[in-house]
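Colleague: could you look at this predicted model? Sequence included:
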Amino acid sequence: MRASPESVSGERPGLATLIVGVNWLGDSLMTMPAIQAWRRAHPDARLVMLVKPKLKALWTLHPAVDEVWELPPGGRALIAMVRAARTRKFGTAFILPHSFRSALVPFLARVPQRSGPPGHGRDGMLTQVIPSRPGAEREHQCYEYMAILGVEGGNEAPRLRLTPELAARAGTLLGASGTGWIAVMPGAAYGPAKRWPAERFAAAGRLLKDRLKCNIVALGSAEERSLCETVARGAGPGSLNLAGQTTLPELAAVLAKCALALTNDSGGMHLATAMNIPVVAVFGITDPVRTGPMGTAMRVLQDSMLRNRDIRRDAPEARASLFRITPEQVAEAAMELMKQAEGNGSVIFWGR
């Protein structure tokens, strides 16, 4: 089996560095500020990302990455990947997930330096175990990845690089329009505990259409098509539903053509920040200090004293807190943020 490497940027000399990426879209985007800081500290190093197949297309857009390899499911494919990694002769590997399996390829490939957080009985497979820093629960998750990579960084957004072909495809998907677009992303992979009602996204979109004379495009996965249809239909004539009609890179390109995004606490929220557009995000009881949108062009709306990451998918307290946020609040935050985007990009958190 071929190791499935894909070259992303120009050749760089010397021993390569391997980073084993995390498994979800939002978490992957939260690792990018650390990887961007690592690239600034090591401009001449060659960097290879090892990720699950569903995330390969995302990482081919990241300017810090030279190659993207797919993490195989196991068996013979895993053995082939180990052989490919041995041939490459990596000098260093950073294993970002906590799982046992994520450390297998660097360990079996005998990468000399293998760093990562503890967990799941794999400490003996690492040459350097990176424990959580004191106070880590009170800072953004992106700083955990900076500690693993041994870099210093600040509150910066992830960054992706689009091709002209992707930009053209996004234009085709959106079609000709005499007004700007606002993206609405009503989904969240975790479920109802992180989903503001689609009807409220529709109402907020309708308010913004009336005030800004813009169009609304609802975005999401194929599984979120009905949610997005509720938004597009409720937002009024001219609104689009592109759920399930884009690849991940195409979704990023469509977001890049929008003036602003309305989202839940979701991977889509982080993808919008990576496209350098303002984001208004509605949170239930998850903690925006830990997993909120990165960068400065954003607002978080939250009406809860609770801050709990470990919640049930249908937690009633989370759904109740989401319901307390009104479409008028979201529309007003969006209006203020768009005005602010022309200024200094400060951040305001709503809620108690």
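Modeller: Arrived safely, thanks for sending.

Colleague: what sits against residue 174?
Modeller: 181, 217, 240, 254, 257 (CB atoms under 8 Å, 6 or more residues apart in numbering). Backbone N, C-alpha and C define where each C-beta goes, glycine included.

Colleague: equivalent analysis for residue 289, please.
Modeller: Here residue 289 is in contact with 138-140, 307 (criterion: CB under 8 Å, 6+ apart).

Colleague: top of those by neighbour count?
Modeller: Counting neighbours by other CB atoms under 10 Å, residue 140 leads the contacts of residue 289 with 20 neighbours.

Colleague: how is the chain divided into domains?
Modeller: 6-149, 164-349 (automatic domain parsing).

Colleague: and among those domains, the most buried is which?
Modeller: Comparing those by mean neighbour count (mean count of other CB atoms under 10 Å), domain 164-349 comes out on top with a mean of 20.

Colleague: for the record, mean pLDDT for that domain?
Modeller: Domain 164-349 shows a mean pLDDT of 91.

Colleague: helices along the stretch 101-250 of the chain, start to end?
Modeller: Along the stretch 101-250 of the chain, counting by DSSP state H, counting those that start in this stretch, helices occupy 104-108, 142-149, 164-174, 198-212, 225-235, 248-256.

Colleague: any chance of CSV for those, columns distance to residue 189?
Modeller: Converted to CSV, the helices of the stretch 101-250 of the chain look like this (distance: least, CB to CB, whole Å):
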stretch, distance to residue 189
helix 104-108, 26
helix 142-149, 19
helix 164-174, 22
helix 198-212, 15
helix 225-235, 12
helix 248-256, 13
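
Colleague: so residue 166 versus residue 60, what's the distance?
Modeller: 11 Å (CB to CB, to the nearest Å).

Colleague: who touches both of the two?
Modeller: Taking CB under 8 Å, 6+ apart as the contact rule, the neighbours common to residue 166 and residue 60 are residue 249.

Colleague: returning to what we had before: among the contacts of residue 174, which are in strands?
Modeller: 181, 217, 240 (DSSP state E).

Colleague: just the pLDDT for the closest residue to residue 97 other than its chain neighbours.
Modeller: With CB to CB, 6 or more residues apart in numbering as the criterion, residue 97 has its nearest non-adjacent residue at 5.2 Å, and that residue is residue 22. pLDDT for residue 22: 97.

Colleague: now do the same for residue 22: helix, strand or coil?
Modeller: Classification of residue 22 using DSSP: H, G, I helix; E, B strand; the rest coil returns coil.

Colleague: which residues does it contact?
Modeller: Neighbours of residue 22 in contact, by CB under 8 Å, 6+ apart: 28, 31, 96-97.

Colleague: which members of those are positioned in helices?
Modeller: Per DSSP state H, helices hold the following members of the contacts of residue 22: 28, 31.

Colleague: just curious, which of the contacts of residue 22 is nearest to residue 248?
Modeller: Using CB to CB, residue 28 comes nearest to residue 248 of the contacts of residue 22, at 10.5 Å.

Colleague: from what I can see that closest one touches residue 61, true?
Modeller: No - using CB atoms under 8 Å, residue 28 makes no contact with residue 61, being 11.2 Å away.

Colleague: now residue 97: how far from residue 290?
Modeller: Residue 97 is 17 Å from residue 290, by CB to CB.

Colleague: circling back: quick check: of the ones in strands among the contacts of residue 174, which lies closest to residue 110?
Modeller: Using CB to CB, residue 217 comes nearest to residue 110 of the ones in strands among the contacts of residue 174, at 48.7 Å.

Colleague: tell me who's in contact with the closest residue to the closest one other than its chain neighbours.
Modeller: Of all residues not flanking residue 217 in the chain, residue 240 sits nearest, at 4.5 Å (CB to CB, 6+ apart). By CB under 8 Å, 6+ apart, residue 240 lies in contact with 174-175, 215-218, 232.

Colleague: just flag the most distant two among those residues.
Modeller: Those two in the contacts of residue 240 that are separated most widely, counting by CB to CB, are 175 and 218, at 14.4 Å.

Colleague: make JSON lines out of the domains of the chain and add distance to residue 157.
Modeller: Converted to JSON lines, the domains of the chain look like this (distance: least, CB to CB, whole Å):
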{"stretch": "domain 6-149", "distance to residue 157": "7"}
{"stretch": "domain 164-349", "distance to residue 157": "3"}
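
Colleague: now the strands for this structure?
Modeller: Using DSSP E, strands in the chain cover 6-7, 16-20, 46-51, 67-70, 92-95, 113-116, 128-129, 181-185, 215-218, 240-241, 260-264, 279-282, 298-301, 348-349.

Colleague: fine, thanks again, bye for now.
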